[in-house]
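A.B. asks: Predicted model and sequence below, questions to follow.
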Amino acid sequence: MTAMLGLVGPTGAAVAAEPLLYVNRNSSSCSDTGPGTAAVPFCTIDRAASVAVAGQTVQVASGTYDEEVYVDQSGTSTSPIVFTPAPGAVVTVNSDGHAFKVENRSWVVIRGFRVADSVGDAIDIEDSTQITVADNEVLGSGVTTSSGKAVGIILDGTTNSSVSGNRVHHNSDRGIYLTGASGNTIVGNEVYSNARVYVREASGIHVYRSTSNTLKGNVVHHNEDSGINIYTSSLNNLVVDNVSFDNGDHGVDVYSSTGNRVVGNSIYRNATAGLNAEGGSTGTAFANNVSVDNGIGSTRTRGNIRVDSSSDTSSSMNSDLMFLSSPDVMVIWNGVNYSSVAALRTATGQEARGLQADPRWRAPGAGDFRLSAGSPAIDSADSGVSGQTATDLTGAARVDDPATTNTGVGPRSYDDRGALEFVPTPNRAPDAQDDAVSTPADTTVAVPVLANDVDLDGDSLSVGNVGLPAHGSASAAPNGTISYTPAPGYAGTDAFTYTAVDGRGGADQATVSVTVTAADPTNRPPTAVDDQAQTQEGASVSIGVLGNDSDADGDPLSVTAVGAPGHGSAVAVGDGTISYTPSPGYNGPDQFQYTVGDGRDGQDTATVSVTVTPRDHVGNPGFESNTTGWNTAGSGTGVVLQRVAGGHSGNWSASVTNTGTSQTSCTLNDSPNWVATTVAGTYTARLWVRSETPGGLFRLRLREYSGTTLVGSQTSTASLDAAWQEVLVRYSPANPGGSTLDLNGYTTSTPPGTCFQADTISLTRADGVVQNAPPDALDDTASTTQDKAVVVNVLNNDTDPDGDTLTVTGASQPAHGAVQVDAAGTVTYTPTAGYSGSDAFDYSVADGRGGTDTARVSVTVTASDPNLVANPGFEVSTSGWNSSGSGTGVTLSRVSGGHSGGWAARLANTGSTSATCVLNDSPNVVTTSGPGTYAVSMWVRSDTAGASFKLRLREYTGSTLSGSTTVSATVTTAWQQVTATYVAAAPGSSTLDLNGYVSAAPPGTCFYADDISVTRS
């Protein structure tokens, strides 16, 4: 009994389990047949999991563990089973399946692991309760294909469990997924950059057919689909104190689900409606949220908050704060667009306490959603609304800001709207410095008084009170300058005071001393003419401003004053030129003023306009001399980089060649990275590429790393051609100033020979968002069988020059069928009943930034195969079926009342304890598999709702399992169809085993089944 190793003394008497089981694959003494002690640790985590019992902790030493960990026992409420790295250890778990699998267990803790590149769903919790998944990093699960996608963390049929403090990113499907789950808490996770790529479907957190769960304090961003989805019969969930920004669909989407509360979230710059209730999501309550700049220009849905015409019953909006930085739809209620909160309130009565104002987030573009002093969100929430919490996203308690008048309601009148509570700090007053200036008589002068003033808190300063000069007048302008005008004819000295204020009650006073020089009545003032200049980002430029200035008296001119540019510095260098230097990282337009004097108190002012062009970070763009700065890191064996004659714009280009004998990946990689430290803005990479063998796919990719951690990425794809073509990708850093940017272009599965040639590579940066380029939709083909719908992944071959996420916005109707595009953008073609032959339809795509394109799908409908199931409806007997694989006491019988006929199969647990109930084909319906796709369907129901039913098809070659597919559904009392598809791995030499089952079914009816079919196409 290996499970008892270390638990039984030498005399055979039972003793208490050791509190720690040790795992160290790098130990020379490790053994999976040993006791799991510090001296003789286990080599694998899975071995420790097979023997761990309640109260034991499995402590894992540093290293990478390539294995699947199955938890074989349950803990108790006072003695859970804990899996954790050793103190200070970094443990990575890779797996060809699941990294951790917990099924039908309770009181298990999985904490602190790095779970990377699992083939299946990384952490899989099924039919369990009281499970804790905490403080793990989960990334790289699955691959971006329809058959290879995988979730980061999944709770399937699981209750009263916790997923907290995890970082879940760059998985090929949803980050965190709840299905058939209830009473769980999803708290404090960061979930980002999860994407299927081939279709917009991967959300950050996805809740499906799950009830009474709490999602609190999560940060979800840059996911392919919505940040948080509450989907399809997910009832009475609470979404509170989350931050959701820059996602490819909604910030929070409630779809076909009732009674959900969405409270106190901060929602920013998502591609479509920020907070969304649609598809019959009645009873949805929105309150205390801050939602800004969502759905601007979207061709799908718009608005900071949206409730469609099927979801308004018993739903509500109140105490939310909304804002748009550019005109668009502010809010939607009952499917009607409103341009302001006030218009909504007047028409519907919703948002009685709603506000429309800038929330004054500190730096939302950099992911900082803390409130700044003076924000209208401070002390204005409704603390009595259902779901409002006493702490914010960080766990900080609600506090009263003494500088803000409380306008909130409820038991606390000082709660803040949004996910983060403003914590006031003592304000430090600004330090205003004295200034001195001179001007000729009868001439106004602008004094930039704030230029030398400072504020230790970093508050923006403005001019408050301006004193009255004795011999003139002074007034403040909005740009922080004060214009002084001497009294007519006055010459001499003057002075006035001004006050610098920080907007938080802090102020300081300084004095401006003015010298007014007497005018020469015989002198004519000079004429200054505006100038223009251009420089590159990071480079200074000398501007000869006096070259086009003149003086009617022939007086020699000089620069007497230089104003401050908006995005750099400018200084006179003494020879009639001004040296301008742009701010670090800035490119774009800038300007400043200068004053020219003639030495006789005559002067004039002109403006210098400067264009700062983006700097090309690539030091060797054309390979004209060598390949310095580039290598083939990331390529397969035998891939080489060389310089060859014949470039796009010069005489040479780079050639990446597969010198091996089999297909491999070919990568042209910058080394070292041309951008060593990122700056906020948008980076644009351009590369010209061609291939001697057209048809392959080339990808241009930008990846952002903080240290060795992948923060984010963007990829553009192009089909290679013999002619040169430009590929472009854009990316905005998530951690500017704290990351580096990696640039590469690559092909996969490339045969021997030249992979591609590259030339004229550039990498530039621009502030803010660059001009959008439209997508390129390409024609598609699809096939299906008679009377069978098919999902067409139309976006698989569509591209966007900017790397934007594409969505399907609509489709035309074909001549011999129907096309449906659902809310998720899935395109489904259904042929007319009985039709076979050719058909076609058009579809449209959009990039979320105003760019669109159209392409055509050609469909071939072939005659369908017959049902391979000999006894699909149990109308005469249960022949061909048994309950093999079930627990003791499980019976199969035929009962009246089928889905389409008079009878159905009934699986019943006649025992007194829970058991697994299986309906199994016997003999196998498919004794010898064939090529193509098998489609499996079974209609099921039960006497009571809630059980998790699984439909499974397994392929065996002899007694060896070659592959399988399993689809889950939550059973209800009404008949529902469960379907699955499968492509045989070994057609002609394998058999297919079909069954449907429910695990841990209580005594009584497990489920009913009817109308079972298996077809091949």
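C.D. replies: That came through fine. Residues are numbered from 1 along each chain as shown.
A.B. asks: Which residue, other than its chain neighbours, is closest to E537?
C.D. replies: R615 (3.8 Å; C-beta to C-beta, 6 or more residues apart in numbering). Placement of C-beta: from N, CA and C, glycine included.
A.B. asks: same thing with T515?
C.D. replies: Using C-beta to C-beta, 6+ apart, the closest residue to T515 is S438 (4.1 Å).
A.B. asks: Which residue ranges of the stretch 651-800 of the chain form strands?
C.D. replies: Assigned by DSSP state E, counting those that start in this stretch, the stretch 651-800 of the chain shows strands spanning 652-658, 664-670, 682-690, 697-706, 709-719, 725-731, 740-750, 753-766, 780-785, 790-792.
A.B. asks: Quick one: closest of those to T595.
C.D. replies: Nearest to T595, of all these, is strand 753-766, at 32.0 Å by C-beta to C-beta.
A.B. asks: and that closest one, what does it pack onto?
C.D. replies: Of the remaining helices and strands, those touching strand 753-766 by 3 or more C-beta pairs under 8 Å, 6 or more residues apart in numbering; DSSP states H and E are strand 652-658, strand 664-670, strand 682-690, strand 740-750.
A.B. asks: JSON lines please, covering those strands and showing distance to L728 and mean neighbour count.
C.D. replies: Converted to JSON lines, those look like this (distance: least, C-beta to C-beta, whole Å; neighbours: other C-beta atoms under 10 Å):
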{"stretch": "strand 652-658", "distance to L728": "18", "mean neighbour count": "22"}
{"stretch": "strand 664-670", "distance to L728": "16", "mean neighbour count": "23"}
{"stretch": "strand 682-690", "distance to L728": "5", "mean neighbour count": "22"}
{"stretch": "strand 740-750", "distance to L728": "12", "mean neighbour count": "22"}
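A.B. asks: Out of those strands, flag the one nearest D415.
C.D. replies: Closest of the helices and strands packed on strand 753-766 to D415 is strand 682-690, at 36.3 Å (criterion: C-beta to C-beta).
A.B. asks: Check what contacts that closest one and list those residues.
C.D. replies: Residues outside strand 682-690 that contact it (C-beta atoms under 8 Å, 6 or more residues apart in numbering): 614, 648-649, 675, 698, 700, 702, 718, 720-733, 741, 743, 745, 756-770.
A.B. asks: For PyMOL, write the selection for the buried entries among the residues you listed.
C.D. replies: Only the buried entries of the contacts of strand 682-690 go into this PyMOL selection, using 16 or more other C-beta atoms under 10 Å:
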select buried, resi 614+648+675+698+700+702+718+720+724+725+727+728+729+730+731+732+733+741+743+745+756+757+758+759+760+761+762+763+764+765+766+767+770
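A.B. asks: Show me the shaky parts of the stretch 751-900 of the chain.
C.D. replies: 767-772, 802-803, 823-825, 849, 864-865 (pLDDT under 70).
A.B. asks: Please apply the same query to the stretch 601-750 of the chain.
C.D. replies: Residues of the stretch 601-750 of the chain that meet the cut-off, pLDDT under 70, do not exist.
A.B. asks: The chain too?
C.D. replies: Applying pLDDT under 70 to the chain picks out residues 1-17, 767-772, 802-803, 823-825, 849, 864-865.
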